[in-house]
Structure formats: structure tokens, C-alpha cells
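Chemist: From the sequence below, what's the structure:
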Amino acid sequence: MSLPKIIQRLTEIYKTYGKQHQEKLYEFIDKELPERMKLHLQREHRREQLEQKSDYYINNFLHNRGIEYFYLPISNIFVAYDGEVTTPICENIILHEVLTGISSQKELTPWKYKIKNLMMKQLKQQTIFQFIPESHTIQSVLAHFTPTLFNTKEESKYFLTILGDNILKKHSKLIHLVDLRSKDFISSLQTHLYPYFKNTYHLDTTFKYKYHEHNYKYCRILTFSPAVAIHTYWATIVKPHLLDIISVALHYSKRFQCSDNYLLHHTFNTEIYNNIFYLKNHTEIDIINHFIKEYIVKVPKQSGLIIRWKELYYVWKFFLKEHHLPSIMFIRQLRNLLHQQLEYESSVDVYLHITSPILSYVSNIRRFWNETITTGEPDEFEISELCGLYNLWLKNEGLKKAKIVNEAVMISIVEHFYDITVLNNKCIQNIKCIMWNKQEDMKIVMRELKIQYKFSPELYERSITSIYSDYCSQAPNILQHENIVSKQYFSKYICQAIPEQYIKGNKISEHYWST
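Modeler: Below you'll find the model as predicted:
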């Protein structure tokens, strides 16, 4: 306010109250007004000091203490970050820490609750979407994912960026085709995300576990390691480290703009790039031609060689598996495209004048199965046992140069060509093999062991584990071959063959051996 205005106002007051109050007016201006102005200036100075100190305290509490706090408004949850891990924290703990800190500084005590309110207001404006995790947190998350869930860090980063894109609702047209084995892992992430974001944000929106005629242009293929199917490998990661995973995912999504952009500009691994963009960069006919070039051999007509549809379809599935591809075509479309490229005889459903190197060991395994295996029998075999018997069969048949197959190939052939289900990728029930009568072997060995135990110096309870140990050491001499049943099969047989009254938990009563 200008001096003339002040003088004008004093003049108005002077005229209002007349000459009889001049002395009082002067006394007020001369004594009381300066004192009031002095007090006013002191209060203003104190207020400025309190504002500066409270601003410093608030800023220091929120940003310079080694711990940062963030707020999730949807769930009304606060989280704390110490530079390494992100964890939920109770609001009362934060309030107690705030008020205790203010109380320790006497000059801030008059504004104690005002500072507290200002601080909580600012804290609630700090969300996890603005959070940039430290390098330690990023590397820790990548270490949890690599190589347990992905073979390379690039693939782990790509997956995390997808999660961030999905939460931030970017590129909803994209389809990320993943193995069905990864469903439990991805579902677990989404389940543990719910308490924090409810139904507002989802991280699994673009993941698909089966191809449904999606436009190849929008399809990306992400390959998990086989360990993703083993719950115990990742169960201890998801819940305790979810907020770290989400913070890194959001950071990557913003840093790289999107998952596609990460692959295009931030990774130099050509193999990963080509695998993920395989469908985007190829048409259906490209893929069929790639398949034929790699796994189909065209032969002269006079050779008389043919491939039946079921055999060709197995070779196709082998091609998909070798290239980490999901089932990317329906059977009708696949057959139509193959008919365009290969000579087909519809009356007998065969493809003429072609063969495949894959079918050489397929035919051997099918011959082994047809000659040695019978179904509907009360016995079971593990896949590893069948592989061992198959390799022995090759030797007996003089096929030493034939390819020895692993368990995965054995499973794929058995499930494709026969009406067989392999339990847990390990065991086939209700079959029998003429090369190894497991039930009869067990009877012979157990009869010998029972005689030994009966006439041993001390007759006592024996655990199934100790009996199995004796079985393993003595069976080769008793049976004159090297086939040994697994402990699981042995325990199952024992529980079926020995009367229930002699079995006590994991032990066989001494009375059984004397009977």
C-alpha cells in the first residue's frame, strides 16, 4: 500500500472523530501502533522460519532418509522402499514416525499436526507409477527370473516390460503367446496383484495360452524355461517380491516405451528377436515352406515312399517344438496349405514321394511298442524305464546306429500315435512289456529277501527304505539283469503285496518275515 493512501486513511479517521480526539489518535500512532507492528513483524518472521523448517523436515522425511514411501489410492495401502525391497507398511507406523520426528525438534512442535497433515497429503501424491527402482532392486528381480524362468536377461526384461505395458494399458491389440505351463505362474502374479490394484489394473491381459486364429501381425511368442511348470521354483518369489516386480515392470514400460520398442532398439540378440517376432515376420505359407525345407525330403516317384497324415502331423508338431512355437494353425488350415505344396492322395490319406529324417526313429519306436508292449495290463512303467528298454531293444535288433531318444521324444511319440496318457510326464499305467516282467521280478526278489530276513540273527522291523536298499544291491544277482524298479514303484508294490496288518507306517513288522 502506498504512503498517500495511508495518509488519506489517517485524514479520514481524523475528520471522523473531530479535534477533541486528536490527542488520543496521536497517542495511538506514537505508542501503540509501533508496538503492534513490531509484534506483527516478529510473528511473520517466526512463521517464515517455521515454514522453512517444516518444508525442510517434510522434504527430508520423504526423500532423504534412505526410505521412500508411496501410496496406492485404489487399495488405500502405503508401501515403503529402502533402496532394495518394496514392502507394504501400516499408515499408523508412518504417522508415529512422523510425529516422533517432529516432537524431537522443539521449534516445530507448535505446528506438529499441521506438518503431519501436510506431509501425509504430499505422501499420498507419491504413487508407485512415479517410482524409479534402484539398480540393486532391478538386478535382484532379474536374478529371480534368470535363468529359472527365462534363459536370458533379455527375455526377462521383455517379459517385465510386457507386464508394465499391461498394467498401464498399452497396446491392447498385441497377443503374447505363451506355453500353457506358464499359466499358473502368470495367474499367481495377477492374484497377488489384486489386493493392491483391485480390478483396476491387470498384468495378464495380452497373454494367451492357445492360438485362436489371431492375426500374425499382432502375435509375439514368448518362451519360458521348463522350470516355470514347477511351482516350488517360483512360489517363494511371487508374493514377497511382487511389489519389486511391479515397480521394475512399470519402470521398464516407461523407460523403453513398450515391449516391442525394447526388442527393436534395446536388444541385440538376433535369435531372441527372431523367435519373438517369428509370426509377425512370416506368413502362413512362409512357415509351411520353412517346415518342408527343414523336415521333409522329396524323393523320386519310383521310391514308393509315402508319409501318412498322422506321421506328417507328428513331424509338424516336432517342428513346432524345436522352434519353440505354439500350435499356430488349426488342422484344417494346415492340411490345406500342405496340399498346395505336397502331392496328396486323398483316398488313402497319404502324402506321396516324400520322407522325413524324423520318421526314422519314430518307426523304430513304434515297432518297439507294437512288438513288446501290451495295454490293459495291471502294471506301469516310467518313461525312463521305457527309454532304457528301447535302447536295449535297438541293441538286440542290431540297430546300434539308430538314434537313442530322450524321455521328451518318447512321450511325444507315445502320446501322439497311441491312446496313452503319460501321468506327470513320468509314468504310463496299465501296460506291460515282454522285456521286463516287473511284477514277477518283485515276487522273486521279495521271496529271497524274506528267507534272508527270517533266518538272520536278529529279527526286527524293517523300513521300506532299508528293504529297497537291499533290493537294489541284490536284485541284479538274483535276477541276472540290471533292471531295477524305482523306489516309488517298490513302495507301491510292498503295500499291495504284504497284508495290511504287517505294515506300520513306513515299516514292515518282524512278524511278517517269520510267517
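Chemist: use CA for all of it now, contacts and neighbours both
Modeler: OK.
Chemist: Name the nearest residue to residue 433, ignoring sequence neighbours.
Modeler: Spatial nearest neighbour of residue 433, excluding adjacent residues (CA to CA, 6 or more residues apart in numbering): residue 373 at 4.6 Å.
Chemist: how deep is the one you found tucked in, by neighbour count?
Modeler: 15 (other CA atoms under 10 Å).
Chemist: Relative to residue 418, how far out is it?
Modeler: Using CA to CA, to the nearest Å, residue 373 is found at 11 Å from residue 418.
Chemist: likewise residue 83?
Modeler: Using CA to CA, residue 83 is found at 56 Å from residue 418.
Chemist: Same question for residue 266.
Modeler: In this view, residue 266 and residue 418 are 46 Å apart by CA to CA.
Chemist: Compare residue 83 and residue 418 and say which is more crowded by neighbours.
Modeler: Between residue 83 and residue 418, residue 83 has the larger neighbour count (other CA under 10 Å), namely 14 against 10.
Chemist: surely residue 288 meets residue 335?
Modeler: No - with contact defined as CA atoms under 8 Å, residue 288 does not count as touching residue 335 (10.2 Å).
Chemist: residues touching the closest residue to residue 131 other than its chain neighbours, list them.
Modeler: In this structure, residue 131 finds its nearest non-sequential neighbour in residue 247, 6.8 Å apart by CA to CA, 6+ apart. Shown in contact with residue 247 (CA atoms under 8 Å, 6 or more residues apart in numbering): 128, 129, 131, 132, 133.
Chemist: so what's the residue nearest to residue 433 up against?
Modeler: Residue 373 makes contacts with 431, 432, 433, 434, as judged by CA under 8 Å, 6+ apart.
Chemist: Strands along the stretch 151-300 of the chain, start to end?
Modeler: In order along the chain, the stretch 151-300 of the chain carries the following strands (DSSP state E, counting those that start in this stretch): 175-177, 207-208, 219-221, 297-298.
Chemist: okay, those in JSON lines with mean neighbour count next?
Modeler: JSON lines is the format used below for those (neighbours: other CA atoms under 10 Å):
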{"stretch": "strand 175-177", "mean neighbour count": "22"}
{"stretch": "strand 207-208", "mean neighbour count": "20"}
{"stretch": "strand 219-221", "mean neighbour count": "22"}
{"stretch": "strand 297-298", "mean neighbour count": "14"}
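Chemist: Any idea which of the ones you listed gets closest to residue 261?
Modeler: strand 219-221 (12.9 Å; CA to CA).
Chemist: contacting residues around the closest one?
Modeler: Strand 219-221 is touched from outside by 174-178, 275-280, 325-326, with contacts defined as CA under 8 Å, 6+ apart.
Chemist: try it again with 10 Å
Modeler: By CA atoms under 10 Å, 6 or more residues apart in numbering, the residues outside strand 219-221 that reach it are 173-179, 206-208, 211, 260, 272-281, 324-326.
Chemist: before we move on, what about stretch 256-267?
Modeler: Outside stretch 256-267, the residues touching it (CA under 10 Å, 6+ apart) are 154-155, 157-166, 170-171, 174, 220, 251-253, 255, 269-270, 272-274, 276-277.
Chemist: sec struct for residue 126, please.
Modeler: The assignment at residue 126 comes out as coil when based on DSSP: H, G, I helix; E, B strand; the rest coil.
Chemist: Was I right to think residue 389 contacts residue 410?
Modeler: No - the pair residue 389 / residue 410 is not scored as a contact, 11.6 Å apart, by CA atoms under 10 Å.
Chemist: now the helices: where do they sit in the stretch 301-450 of the chain?
Modeler: Counting by DSSP state H, counting those that start in this stretch, the stretch 301-450 of the chain has helices at residues 309-322, 331-341, 358-372, 383-396, 407-417, 438-454.
Chemist: can you put the ones you listed in JSON lines and add distance to residue 215 and mean neighbour count?
Modeler: Supplementary listing: these in JSON lines, determined by distance: least, CA to CA, whole Å; neighbours: other CA atoms under 10 Å:
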{"stretch": "helix 309-322", "distance to residue 215": "18", "mean neighbour count": "17"}
{"stretch": "helix 331-341", "distance to residue 215": "14", "mean neighbour count": "13"}
{"stretch": "helix 358-372", "distance to residue 215": "30", "mean neighbour count": "15"}
{"stretch": "helix 383-396", "distance to residue 215": "38", "mean neighbour count": "17"}
{"stretch": "helix 407-417", "distance to residue 215": "28", "mean neighbour count": "16"}
{"stretch": "helix 438-454", "distance to residue 215": "52", "mean neighbour count": "16"}
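Chemist: Output these in a markdown table, with mean pLDDT appended to each entry.
Modeler: Below are the helices of the stretch 301-450 of the chain laid out as a markdown table (pLDDT from 0 to 100):
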| stretch | mean pLDDT |
| --- | --- |
| helix 309-322 | 93 |
| helix 331-341 | 93 |
| helix 358-372 | 90 |
| helix 383-396 | 92 |
| helix 407-417 | 90 |
| helix 438-454 | 90 |
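Chemist: As CSV, those helices with distance to residue 474 would be great.
Modeler: What follows is the helices of the stretch 301-450 of the chain, written out as CSV (distance: least, CA to CA, whole Å):
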stretch, distance to residue 474
helix 309-322, 41
helix 331-341, 52
helix 358-372, 26
helix 383-396, 19
helix 407-417, 27
helix 438-454, 8
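Chemist: From residue 133, how far out is residue 82?
Modeler: 10 Å.
Chemist: the more surrounded of those two?
Modeler: residue 133 (20 against 15).
Chemist: So this structure: which segments form each domain?
Modeler: 3-46, 51-130, 135-276, 284-356, 360-433, 442-514 (automatic domain parsing).
Chemist: Need the winner for burial among those.
Modeler: Of all these, domain 135-276 carries the top mean neighbour count, a mean of 18, counting by mean count of other CA atoms under 10 Å.
Chemist: Give me the distance between the two termini of that domain.
Modeler: Criterion CA to CA; first-to-last residue distance in domain 135-276 is 26 Å.
Chemist: just how off-centre is that domain within its chain?
Modeler: Relative to its chain's centre, domain 135-276 lies at 8 Å (CA atoms, centre = their mean, to the nearest Å).
Chemist: Equivalent analysis for stretch 401-421, please.
Modeler: In terms of CA atoms, centre = their mean, the centre of stretch 401-421 is set 28 Å apart from its chain centre.
Chemist: same question, stretch 281-300
Modeler: In this view, stretch 281-300 has its centroid 33 Å away from the chain centroid, taken as CA atoms, centre = their mean.
Chemist: Likewise for stretch 24-44?
Modeler: 73 Å.
Chemist: do the same with stretch 398-412
Modeler: The chain centroid and the centroid of stretch 398-412 are separated by 32 Å under CA atoms, centre = their mean.
Chemist: what does stretch 299-311 give?
Modeler: In terms of CA atoms, centre = their mean, the centre of stretch 299-311 is found 43 Å from the chain centre.
Chemist: dump the residue contacts of the closest residue to residue 183 other than its chain neighbours.
Modeler: Residue nearest to residue 183 in three dimensions, not counting chain neighbours: residue 209, with 7.3 Å by CA to CA, 6+ apart. Neighbour list for residue 209: 175, 176, 177, 178, 179, 180, 181, 182, 183, 326, 327 [criterion: CA under 10 Å, 6+ apart].
Chemist: Cool, thanks, talk later.
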